[in-house]
Structure formats: C-alpha cells, structure tokens
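A.B. asks: Below is the sequence, then the predicted model.
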Amino acid sequence: MADSPLPFHEDPAPGSGRRPARAEFVSDAPRLSLNGRWRFRLSGTADGTGPSLPGPDLDDSGWDTIRVPAHWVLEGHDRPIYTNTAYPFPIDPPYLPDENPTGDYRLRFDLPPGWPAGRSVLRFQGVDSCGTVWLNGELLGHSKGSRLPFEFDVTGLVRPRDNQLAVRVQRWSSGSYLEDQDMWWLPGIFRDVELLSRPEGGIDDFTVRASYRDGAGTLLVTADAPGHVEVPELGVAAATGERVTIPRVEPWSAENPRLYRGTLTAAGETIELAIGFRTVEIVGGRLLVNGAPVLFRGVNRHEHDPDRGRSLDRATMIRDIELMKRHNVNAVRTAHYPPHPEFLRLCDEYGLWVVDECDIETHGFIYAGWDGNPPAEPMWREALLDRARRMVERDKNHPSVVVWSLGNESGAGSAFGDIEDYIRHRDPTRPLHYERDPSYRHSDLHSLMYPSLDDLERIGRRAEEPPEGIEPDSPDDVRRRGLPFLLCEYAHAMGNGPGSLADYQAILESYERFCGAFVWEWIDHGLAGRDALGRRYYRHGGDIDHQPNGERFCLDGLLFPDRTPSPGLAELRKAIEPVRIAVEGGEVVVLNKYDFLSLAHLGFRWCVERDGVRIASGVLTVPDCPARSATRLPLPQAATDASGGGSDGETWLTVEAVLAEVTGWAPAGHVIACGQTRLDQPAPPPPTPVIEPGATPAIGPEGGGEELRLGPAVFDGRTGRLIRIGELELDGPVFDVWRAPTENDRGQGPRNALAADWEAVGLDRFLHRCTAVERPDDGTIVVRGRSGPATRTLGFRTTFTYRLRGGGLHLLIEADPVGDWHDTAYGHLDVNPPRMGARFALPGGYSEVTWFGRGPGESYADSRAAARVGRHARSIDALQTPYVVPQENGNHVETRWLELSGAGLPTLRVDGEPLLDFTARRWTSEALQAARRPHDLTDSGRVWLNLDHGQQGIGSASCGPALPERYRLAVRRYTWSLTLTLH
Ligand code: GAL
C-alpha cells in the first residue's frame, strides 16, 4: 500500500485543477449564486457513495436535501465534535482513519437567460475539510484549506441547461492536520458557492496600493490586464499601473474609516473599489499607522452562530461589528483563519483594524512532542504556502487589514520562512505576526498569550526574559526586544470574567512598545440544543458523545452564544474607553486616548446625584482636543453648587462622553466613556462597637433553646440564628465562605485550580457549631460559633453581635481563622476562602432589590470598572447572569445600602458600614454549583441573600496567570457590620 499514490484527501498536496489565487472583489459581471438546497448523502468512509457520484445518470431522488452553505453536522447528519488541542484522529500524518464521514453533494442548475458565452468560473468560498468537484461528469479538481476560497475554470463545460454539479467532501483530510484550532470540527460546504462570468480580456486580479503621508495620498492600482481607475471624488482618472499622488486626502483609520469609492473598469466589467489611504510601518520599535502610534483595543473573533456554526450571514457579521464598535473595540484578530470575505468589506466600511490570520494551526503535535510538526516537514511546505497565498491574494486590497498573521500555535519550522518570503515579496506594505516561534524571526512583532500583569509590564520596558531556547543577548534576543509588542490573546473570557481588564489596559497604555491587545475571545461557541421539555440550551463539547473532547473550553467569549453581551463585555468597554474623564484639583480632566480623532464627534453631559438621586444635570462644553492629549476645564458651577448644602448622603458627579450624532453603528447619545467622582467629604465611619469577650454567662445553646428577643428581633436560643424581625420570618445569618466556583476558579487543568484546592480541604462543606449565645447586660445578643469542614482543623471562629440602633438591628460580624490552613494532609495547600460572608434565607415573596452602590451589572474586586456608583433597581430574577454553565454571578461590590421588597412583605433595608458585597438569588450557591444548565436552576421558595465582607476577584486563570494576590481574601481576621431595618 505504501507506494500507491495517496487518495486526494490524504495527499498533503493542497489541491489540483484550481485557478491561481486572486483578489476577492465585487463587480457588475454576471454572477449566479448556487446557494440553496442540494441533494446530499452522508457515508461512513472517504469513498462516499462511490464512483457514480458525478454522473448525470445517478438517481439521487432518494437522497436527502441539505442547505448550502451549511455544516452537515448542524443539519441533522452525524454530530459536531469539539476538541481544544487534540486531533480527533491518530497523529499519523498525512493519513486519516477509515472511519471518515463523507458528504456527497449534488446540484442540478440552469444558467439564467442571457448568461454570457465567455469564460465562467466556479467558486467555493469555503469547504471543510476538502472538496473534490465535478461538473457534468468531468473532474474539475480538488482543494483543501477549509476557510479559503478556490475556483475552477468551467468555460466550455457549463451549459445553459441541466448542469450537474457534484462535490465530495471528506470530514477528515490531510488538511485537517493543519486545522487544529480550538473550535468545533464542522464539516461541509459552509460558505457560498457561485458561478462567475469572467469577461474575455478582463481583469482577474488586481492590487490596490493606497498609501498616506503628511496629508497626501498615493494611489497605484496594478492589474493582470489593462484597466482604467476612476475615483470621482478625488478627480482621479488613471490607467492601471499609473501612480497618482493626491495632495490632500483624508486617511483611513479604524476611528475614521474614510473610504473613497471608485471603479476599476476593464474589458466587459466594472469593479467596485473602496479605497482607504493608509500606511502601516514600524519605526523605532513602534507600530505606526499614518505616522501615528496606534493601540489595538481588540478581540479575537471566531465565526460562530449557535445554529449555523461558522456559516454566518451578513446580518450576523454586521451585528458583530456593531457590538464591537458600541463596546469601544477597535480591532479584530480573525482567530484563527480568514473570515468570510464580506466581513472584511464591512471592517473597511465600519472601521476596525484587522489582523488577518492564516488558516494554519498544528497544535495537536504537542502530543507528539512536536515531532513531525508540519511547518518543519518539507512534505507540507506547499500546503502551508498555499494557505498563505490564498489569504494574501484574497484579502490584499482591504484597508482594514493592517497585519498578516501567519497562523496560530503551530510551533516553528522552515515553512514559516517560506511564507514570510512569499508575503514580503507580494505585499511589503503590512507587518507580519507569528507568536509561536520563540526566535520571532518571521514576525515583525513580538507577541505572547496570557502573560501575567508583571510579565506584561516587563515586556513594556523591553526587559522581558528571552523565551526558552533563546540565549540572552543573542541576535534573536536583541532583535525581539526592539520589536513592538502585540498581545495576541489575554483575558480569557470563560464563564464569569475576565478580571483585571482595567489592570491590563493601564499597562498597555503606559508603554510605547505596545500596539495593542486582543481579548480571548469574542463569542461563546455554544451550539443550540433542546432538552426533553423543548427548552433551548447551548451545548458545549462535553454534551457530545465523543472522545476526546474539550468540554466547556469552547465557552470563553464576551458574548453568550446568542450574542447577548456578557458582563465581561461591559467591563471591557469601560476598561478600553477611548476617553478618560477624571476630576483632579477641582477641574474636569478629559484625556483623549483616540489615536486619530479629536473630541469633536462627542458631546459631554454631567449630573450630580445625592444618595443616587439626581439633583442637578447639564451639558459640559469641552474644548476640542486632539488625539492623545488632554484638556482641563473647571467643574460646572451648577455641579459645585449642588454638591454643597449639607446632607448625609453621598454626592457624586458623573460625566459622560456620548456620540454627538448618529453613526453607522450607534445612535446619537450612545455612551462612549464615563467618569465619576465623589464631591462631598466622606464622613468618618461610625466607631466599631468594642465587645468585651466573656463578659457574661452563656445562656445557650445549653440554655434550653428558648427564643430570645431583642426589640423586634427574635433568635433561636440554641443556634443563635435570627428567625424573625417583627413580622418578617427569616433564617440566618450563616457564616459563608463558599461560592459556586467560576470557570476561572477551576483554572486550567491542574494549573491555578483554586476550586479543586478549596474542595480538597472542604471549603464547600463547612459545618457550623454554635458555641454560645450570650446576653450581656449591655443590650446586645452575642452568638459565638465555629465553622469548618469535616476531617480538618481549619475553620473560622465567629462572633455575631446584635444591638438595637436607630430603629434597626445592628449586626457586627467578627471572624477569626482557626486550625491548620496550611493543610499538611494535602501537601501544604495554601487555600484562601473565596468569600467572606453571611447568608440569610428570606421569604420567596421578595422580588425586587434597590441599592445604592456599584451597579447595575455585576461586579467583583477585579472587575468593577463598568459598575457605576449610583442607585439601581433590579428584580431578583434580573440580578442573575445566565452563564451557559451556571457559576457564581450577580455580586455587587461597594454596596452602601439595599432594600428588598415584595408583595405583602415588609421592605427590608440593609445598611452596610460602610460597604458590603451582596448577592440575592432564588437558589443557594450549592444549587448553583450543581446545575449544569441555567434551566436546572429552580426557585427554592426562598430568597438567599448574602451580605458579605467580600469575595475574591475573578481573574482569568481558566487559561492564564493565577489570580493576583491582591484580589484574594487572605486567611486573617475579618470584621464587618450592617444594620437591618424594616419599613
Ligand atoms: C490559545 C489559543 C486559542 C484558545 C485559547 C484558549 O492558546 O490560541 O485558540 O485555545 O488558547 O481558549
């Protein structure tokens, strides 16, 4: 067998019979979409239905029909498979298992009347994983490279009527070895299929070079046939090959995507041009566009839709772009393959910087110790080069594309040198990016994924350690230090999080070396499913019966699968806002962080709120101020006046920068940035009551368990728990150190797996013992206890001291660690509690919460920039964030007070002294942890209210560094207090 020629699907060759790669463009030449319903049959092996597939005589009337474009695994055939790094087949390149689901497709079509007699080209925009194509019984050829187009010349073969197109698509091919991206494996003809009429003697391929310097633009359009370029707005009328300098043009940038529409006319065809003048260069170790440094505030975007997989329609692409622009995102890395070409047209138009990434990833070779890694093996050279060629040729005319990325996580190898040579030769106008070769020889940018804040800071100073295998001060080391740095992935947005976005941004904005960063990632790759009751939910890898699988790791986006923005996206928007508004020394300081825009497109408005109630507002006239500079103006007099006048409420000034006019992506008034400052002097916190320990005899729990009363409050004499205040029945507080682990608490495998450590020592199963209920003669009730898990000595000793104060019941909580927290049984686990809190069970009739503090969205210690200080109101149901996999959510830091209300119940007010974290939900943390899907969570009949000293931060350790120490709760003494009042 070894010597016989390989079948196409296993042959490393990228294709045969295809036309040369060329630019993607829109023209007035006739075009016939072949999208629609095709005949389809799925077989178990690469032979498909056998040799009769292309023949006109095959009776396919009994076959299924399928939508094209689509993935067959999302159209009722076979199943999608999700792996992160693992190949779903043996590492035995270039071979594939015999079990190789293969889709045979057939379409009969006629040409529309008037279809020109000249050349015709059949184009596939994307076929996963490979395609063999026949027209009217003739083999046209083969192609691999799932996210790249291929074309066949069908001139003379295609006929007016009754054409029979046949395509065989193997799920696994040699190409799959180059497509091991962390995503669902989704086979099929998933992008458009079209027939193009190509005018005789016309242009097939052309290159637009539109550069910008010092106000002037230079335009050069070259083509493979003579043509004529017109840009009416600029008065340009030139032949192809003729360089034209226009003394005054507006440059293109993501911030101001100025396109000049024009035409390229050649024999029989007029091609649309969307020209953006811009020059990308690296000068002095910085990335400059149009002579100015730029900072990408980016996201990594996979193409994903919960029903259609990577088969996206235009409306969905626009939705993505609108959501990005509305959240201050200005850049996209097309992780990890070139997107549908329409997406790039839209990026040109709406304005997004694009790092266009090649469809190359060989990550699974990690399990072979990188032995045989394709970029290092000559056998794969042509296949890899083919992918780079098809990306660059297709996308070269987009002003939005400013960086070419050679691929993702594919180790090192000489093929990257070949790719580099090819791109530099074809397109010297854009820098190259490749992150995984530690020499960075083929990259113009230094780049990493998921560094810690400290490491990023060192990189900013060009003081990083050389990567493994690179000698300090070697030529590679020296060269790399001189490169600009692009953070290609950070802030893993899996589940609740990511934390530290503002911390990362502060560093990114502090060093000239940085040209930006891309959050991992844009959208959760959940696939729609229905449970037995018909309820829609989102499936992850673990929901599919296939091994290996990457389980929940595909749910790591800033959008939920249905494109609902997560709290993480709100936080990102705030962290990367292009305008910073602060109050310093009695002045409003507005820092313009745009790279190009002045502030002229923004309006500014202010309001003053006392205890969350608006008492004054107005418009702020901010003098225009160029990019990357600041302006200062006096506080509005009316705001200063409003802040006086004495009151015990807090007085806050909020200033917002909003779009002055409607744009293509947001209405006028859309908030771009916001700053808040407190105007009054915070009053000193009330003195903490001092408790003299052991002042009086215990009266419980030995005391027989009778109820104790303190004003309207009634306590269980045995447990010390509060069971009633006036008419309100309740139960609590219970000392609570637990939260339903977030994905980031779970870490990545054994790395940073805090939740596993917490569970190992039992933080999830504290048992409580009331050691004393005391009634000293100072008017207090003191409940002492000890909480800790079975089998351990570790825990906390707690003291809850109650007294009547100002019409309410004041509670002071003290918690002191006891026992062995350096758990020797588990080899010195140093655990920290995820929460320091007190939990109350309240009647289920409570339905609404109003609070003064940060909100309205959820907030945590390291993720609270987006939550403003103010008065907020939400129903308890709306306080829950429905993460696809249930986990801790809905916390609110820095809460001054909250009020719970519900029909027929007294309003319960809680005042923190001074601040609390709170969560309120209809289920416990334990139920939240046990649930697999949001709809597993059912109303327990009670409202569970946590009134906490705090929770630890969120971080992004599901793929990334450990949570910084400063966001953890140390094992130490804690005290906090609050007052409960009924209205
Ligand atoms: C990166 C990789 C991404 C994704 C991410 C974790 O290493 O490039 O594709 O796997 O980690 O979600």
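C.D. replies: Ah, there it is.

A.B. asks: and residue 541, what are its phi and psi?
C.D. replies: Backbone torsions of residue 541, given as degrees, to the nearest 10, read phi -50, psi -40.

A.B. asks: Quickly note the distance from it to the ligand.
C.D. replies: 12 Å (CB to the nearest ligand atom, to the nearest Å). Placement of C-beta: from N, CA and C, glycine included.

A.B. asks: What distance do you get for that residue to residue 603?
C.D. replies: Residue 541 is 46 Å from residue 603, where distance means CB to CB, to the nearest Å.

A.B. asks: again, but for residue 886
C.D. replies: For residue 886 relative to residue 603 (CB to CB), the value is 41 Å.

A.B. asks: how about the helices of the stretch 201-350 of the chain, start to end?
C.D. replies: 314-326, 341-350 (DSSP state H, counting those that start in this stretch).

A.B. asks: just those: most buried one?
C.D. replies: Stretch with highest mean neighbour count among the helices of the stretch 201-350 of the chain: helix 341-350 (a mean of 21; mean count of other CB atoms under 10 Å).

A.B. asks: And the one residue in the chain that gets nearest to the ligand, how far from residue 82?
C.D. replies: For the chain and the ligand, the shortest gap (CB to the nearest ligand atom) falls at residue 182, measuring 3.1 Å. Using CB to CB, residue 182 is found at 9 Å from residue 82.

A.B. asks: Tell me where the model's unsure across the protein.
C.D. replies: The chain contains residues with pLDDT under 70 at 1-3, 645-647, 684-705, 823-828.

A.B. asks: for the longest strand seen in it, packing partners?
C.D. replies: Determined from DSSP state E, the single longest strand within the chain is strand 908-921. Applying 3 or more CB pairs under 8 Å, 6 or more residues apart in numbering; DSSP states H and E, one finds that strand 908-921 contacts strand 848-855, strand 892-901, strand 942-948, strand 974-982.

A.B. asks: how about a cut-off of 10 Å?
C.D. replies: Applying 3 or more CB pairs under 10 Å, 6 or more residues apart in numbering; DSSP states H and E, one finds that strand 908-921 makes contact with strand 808-818, strand 835-843, strand 848-855, strand 892-901, helix 925-930, strand 942-948, strand 950-951, strand 974-982.

A.B. asks: need these in TSV with distance to residue 789, can you?
C.D. replies: Below are these laid out as TSV (distance: least, CB to CB, whole Å):
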stretch	distance to residue 789
strand 808-818	12
strand 835-843	15
strand 848-855	31
strand 892-901	27
helix 925-930	14
strand 942-948	19
strand 950-951	19
strand 974-982	18
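
A.B. asks: correct me, but residue 821 touches residue 758?
C.D. replies: No: contact criterion CB atoms under 10 Å: residue 821 and residue 758 do not qualify, at 11.7 Å.

A.B. asks: Tell me the residues that contact both of the two, please.
C.D. replies: Common neighbours of residue 821 and residue 758 are listed as 829, 831-833 (criterion: CB atoms under 10 Å, 6 or more residues apart in numbering).

A.B. asks: which one of the residues you listed sits closest to residue 353?
C.D. replies: residue 832 (39.5 Å; CB to CB).

A.B. asks: Contact partners for that closest one?
C.D. replies: 737, 754, 757-758, 763, 821, 952, 963, 965, 967-972.

A.B. asks: Out of these, which comes closest to residue 336?
C.D. replies: For the contacts of residue 832, the nearest to residue 336 is residue 963 (27.1 Å; CB to CB).

A.B. asks: For the stretch 751-900 of the chain, which segments are assigned as strands?
C.D. replies: Ranges of strands in the stretch 751-900 of the chain, per DSSP state E, counting those that start in this stretch, are 766-774, 781-789, 795-805, 808-818, 822-823, 829-830, 835-843, 848-855, 868-875, 892-901.

A.B. asks: partners of the fourth one, with directions?
C.D. replies: This points to strand 808-818. strand 795-805 (antiparallel), strand 974-982 (antiparallel) (DSSP bridges).

A.B. asks: So which residues on the stretch 251-400 of the chain come close to the ligand?
C.D. replies: Proximity of the stretch 251-400 of the chain to the ligand (CB under 6 Å from any ligand atom) is limited to residues residue 336.

A.B. asks: go again using 8 Å as the cut-off
C.D. replies: The interface of the stretch 251-400 of the chain toward the ligand, taken as CB under 8 Å from any ligand atom, is made up of 300, 335-336, 361, 363.

A.B. asks: Give me the neighbour count for the residue of the chain closest to the ligand.
C.D. replies: Around residue 182 there are 24 other residues, counting by other CB atoms under 10 Å.

A.B. asks: Leaving out chain neighbours, which residue sits closest to it?
C.D. replies: Leaving aside its sequence neighbours, residue 182 sits nearest to residue 84 (CB to CB, 6 or more residues apart in numbering; 4.6 Å).

A.B. asks: okay but residue 494 is in contact with residue 550, surely?
C.D. replies: No: using CB under 10 Å, residue 494 makes no contact with residue 550, being 11.6 Å away.

A.B. asks: ok, the residue nearest to residue 182 to residue 550 distance?
C.D. replies: Using CB to CB, one obtains 4 Å as the distance from residue 84 to residue 550.

A.B. asks: tell me the angle of the longest helix seen in the chain relative to helix 341-350?
C.D. replies: What stands out as the longest helix in the chain, according to DSSP state H, is helix 381-395. Put simply, helix 381-395 runs at 40 degrees to helix 341-350, going by axes from the mean of the first three to the mean of the last three CA atoms, to 10 degrees.

A.B. asks: Show the subsequent helix or strand relative to helix 381-395.
C.D. replies: Following helix 381-395 in sequence order, the next helix or strand is strand 401-405 (DSSP states H and E).

A.B. asks: Show me how far that following strand is from its chain's centre.
C.D. replies: 20 Å (CA atoms, centre = their mean, to the nearest Å).

A.B. asks: Checking that strand against the ligand, do any of its residues make contact.
C.D. replies: No: on the criterion CB under 8 Å from any ligand atom, strand 401-405 is out of touch with the ligand, staying 11.0 Å away.

A.B. asks: any common contacting residues for residue 182 and residue 82?
C.D. replies: 525, 550, 553-554.

A.B. asks: wait, residue 815 sits on residue 784?
C.D. replies: No: in this structure, residue 815 is not within contact of residue 784 by CB under 10 Å, at 11.3 Å.
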